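>>> Show me the folded form of this:
(one chain, ligands or ions: 1)
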Amino acid sequence: EKGGYDYFMLKEIAEQPKAVADTLLGRIDAAGSLTLDEVRISASELREVDKVVIVACGTAFHAGLIAKYAIEHWTRIPCEVELASEFRYRDPILDQQTLVIAISQSGETMDTLMALRHAREQGAKVLAICNTNGSTIPRESDAVLYTHAGPEVAVASTKAFLTQLVACYLVALYLGQVRGTKWGDEIHAVIRDLAQIGRQVERVLETMEPVRELARSLAHKNTVLFLGRHVGYPVALEGALKLKELAYMHAEGFAAGELKHGPIALIEDDLPVVVVVPSPRGRSVLHDKIVSNMQEIRARGARTIVIAEEGDEAVVPYADHLIRIPATPTLLQPMVAAVPLQVFACELATARGNEVDQPRNLAKSVTVE
Ligand code: F6R
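Got it, this is the predicted structure:
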């Protein structure tokens with residue numbers, strides 16, 4: 001049932017190109033527009049939305065953080081992202097014009113379920129992004145967009161995360177399409193890029209042997225830090241979460257711009273720091289900033305593990321280890337940047353003798369509070 005792989009996690013990492021394609025299936029029409037009729041919230045209701053609030057836990061929360069960048073860029077609707085466990089105990093300001101998006105692989109996470117009930121009580125519409133057909137969260141929502149990743153058995157979320165991202169991009173682009181934005185041409189171009197993204201994930205998977213080797217060489221370390229900017233920041237958080245839960249190592253993700261506000265004090269000789277580098281095309285200011293962050297940490301002895309786009313030569317002098325990913329539009333980069341971090345955490349866990357599919361103290365679906 002593991003399809004020849006040693007662990008479900010490895011199988012599920014490998015299944016990502018197909019999972020991503022399945023999530024897109026039937027949702028892009030021949031003219032290159034999105035057809036999300038299944039969402040069941042009418043176009044006129046969507047045009048009235050004046051605020052989006054995303055609630056989720058863990059990895060699904062990281063997908064939500066990335067969605068915020070996409071939603072605000074393509075729709076200009078303000079978007080907040082909150083941990084479901086915090087949201088449910090607050091007095092959030094919501095009304096009929098608020099669209100709440102609850103993201104959950106299992107559809108059974110208690111905190112996320114309670115957050116969506118809390119939102120519906122106040123009249124907000126809830127759209128679930130979920131992987132498990134007929135589970136509680138979609139049943140209690142006004143609408144659902146299924147991720148179609150297939151069953152995810154390993155406790156650590158991989159293919160569910162990538163397909164949650166696809167679903168989030170679809171929602172963002174659809175909102176943009178329905179409401180009309182000045183980004184109309186860009187939206188069409190991105191829909192085309194999204195249709196290619198599975199192939200790019202596949203290319204990343206073909207080049208992972210050096211990442212595995214690197215992970216094995218770091219098995220004796222105690223700490224790994226992760227840095228990113230813009231959508232690379234939630235990717236850094238996700239890379240750190242994977243390492244905590246699988247390798248039981250101290251791992252932390254930071255927004256690179258926050259370094260000088262404290263975390264840079266952690267940098268010491270030979271400390272591994274993974275840096276997610278934004279594309280040098282697109283928003284080049286982000287790229288330049290992260291290159292100077294790399295200079296700063298390297299001057300203090302960090303061992304940099306750099307995830308950068310193919311052809312990005314500016315990072316070479318500051319990279320102790322370089323992991324190449326294919327060029328994508330800035331907002332889609334998490335789809336390819338997250339994959340090496342999954343492989344890295346899985347291999348490090350194996351090297352440390354940990355149970356990859358069933359990490360200590362964790363359950364696949366957290367139905368308690
Ligand atoms: C991390 C992981 C957890 C889940 C979280 C939410 O790899 O698997 O952080 O993402 O428990 O679970 P769902 O998506 O089922 O609500």
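
>>> When you work out contacts or count neighbours from here on, use the C-alpha atoms and nothing else.
Noted.

>>> Next up, the contacts around the residue of the stretch 151-300 of the chain found nearest the ligand.
Distance from the ligand to each residue of the stretch 151-300 of the chain (Cα to the nearest ligand atom) is smallest for residue 156, at 3.4 Å. The contact partners of residue 156, by Cα atoms under 8 Å, 6 or more residues apart in numbering, come to 9, 242, 245-246, 357, 364.

>>> could you redo those residues as CSV and give each row pLDDT, secondary structure and neighbour count?
Shown next, in CSV, are the contacts of residue 156 (pLDDT from 0 to 100; DSSP: H, G, I helix; E, B strand; the rest coil; neighbours: other Cα atoms under 10 Å):
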residue, pLDDT, secondary structure, neighbour count
9, 96, helix, 25
242, 98, helix, 25
245, 97, helix, 22
246, 97, helix, 26
357, 86, coil, 18
364, 86, coil, 17
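
>>> What's the separation between the residue of the stretch 151-300 of the chain closest to the ligand and residue 246?
Separation of residue 156 from residue 246 (Cα to Cα, to the nearest Å): 8 Å.

>>> swap in residue 255?
Distance, residue 255 to residue 246, using Cα to Cα: 22 Å.

>>> Quick one: name the residues of the chain near the ligand.
Neighbours of the ligand within the chain, by Cα under 6 Å from any ligand atom: 57-60, 104-107, 109, 155-157, 242, 365-366.

>>> mind redoing it with 8 Å?
56-61, 103-109, 112, 130, 155-158, 160-161, 241-242, 245, 363-366 (Cα under 8 Å from any ligand atom).

>>> Just the buried ones from these?
56-61, 103-109, 112, 130, 155-158, 160-161, 241-242, 245, 364 (16 or more other Cα atoms under 10 Å).

>>> Identify those among those residues that sit within helices.
58-61, 112, 160-161, 241-242, 245 (DSSP state H).

>>> For the helix or strand hosting residue 12, which outside residues touch it?
In this structure, residue 12 sits in helix 8-14 according to DSSP states H and E. For helix 8-14, contacts defined as Cα under 8 Å, 6+ apart pick out 2-3, 5, 152-154, 156, 158-159, 205, 339, 342-343, 346, 356-357.

>>> run the last query once more with 7 Å
Identification of contacts with helix 8-14 by Cα atoms under 7 Å, 6 or more residues apart in numbering yields 2-3, 5, 152-154, 158-159, 357.

>>> helix or strand right after that helix?
Next along from helix 8-14, by DSSP H and E: helix 16-24.

>>> Which secondary structure elements does that next one sit against?
helix 159-179, helix 184-205 (3 or more Cα pairs under 7 Å, 6 or more residues apart in numbering; DSSP states H and E).

>>> so which of those helices is the most packed in?
Highest mean neighbour count among these (mean count of other Cα atoms under 10 Å): helix 159-179, with a mean of 24.

>>> Can I get that one as CSV, trimmed to CA atoms?
Output of helix 159-179 as CSV, limited to C-alpha atoms (Å, rounded to 0.1, in the frame of the first residue of the first chain):
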residue,chain,number,x,y,z
LYS,A,159,0.4,16.8,-0.7
ALA,A,160,-2.5,18.2,1.2
PHE,A,161,-0.4,21.4,1.7
LEU,A,162,0.4,21.8,-2.0
THR,A,163,-3.2,21.2,-3.0
GLN,A,164,-4.4,23.6,-0.4
LEU,A,165,-2.2,26.2,-2.0
VAL,A,166,-3.7,25.4,-5.4
ALA,A,167,-7.2,25.7,-4.0
CYS,A,168,-6.3,29.1,-2.4
TYR,A,169,-4.9,30.4,-5.7
LEU,A,170,-8.1,29.2,-7.4
VAL,A,171,-10.3,31.1,-4.9
ALA,A,172,-8.1,34.2,-5.2
LEU,A,173,-8.1,34.2,-9.0
TYR,A,174,-11.9,33.4,-9.1
LEU,A,175,-12.7,36.3,-6.8
GLY,A,176,-10.6,38.5,-9.1
GLN,A,177,-12.3,37.1,-12.2
VAL,A,178,-15.9,37.5,-10.8
ARG,A,179,-15.3,41.0,-9.4
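
>>> relative to helix 184-205, how tilted is that helix?
170 degrees (axes from the mean of the first three to the mean of the last three Cα atoms, to 10 degrees).

>>> what about helix 159-179, average pLDDT?
Helix 159-179 carries an average pLDDT of 95.

>>> Distance from the chain centre to it, please.
Chain-centre distance of helix 159-179: 12 Å, with Cα atoms, centre = their mean, to the nearest Å.

>>> Over to stretch 235-247?
Going by Cα atoms, centre = their mean, where stretch 235-247 is centred and where its chain is centred differ by 11 Å.

>>> now stretch 298-306
25 Å.

>>> got it, and stretch 265-278?
The mean C-alpha position of stretch 265-278 is separated from the chain mean by 21 Å, Cα atoms, centre = their mean.

>>> Give me the buried positions along that stretch.
Quick answer for stretch 265-278 (16+ other Cα under 10 Å): 267, 271-278.

>>> In strands, which of those appear?
272-276 (DSSP state E).

>>> Just send the residues you listed back as CSV, with pLDDT too.
Formatted as CSV, these follow (pLDDT from 0 to 100):
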residue, pLDDT
272, 98
273, 98
274, 98
275, 98
276, 98
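
>>> any chance of these in CSV, plus distance to residue 284?
Below are those laid out as CSV (distance: Cα to Cα, whole Å):
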residue, distance to residue 284
272, 25
273, 22
274, 20
275, 16
276, 14
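
>>> so which pair among those is furthest apart in space?
Greatest spacing in those, by Cα to Cα: 272 and 276 (13.1 Å).
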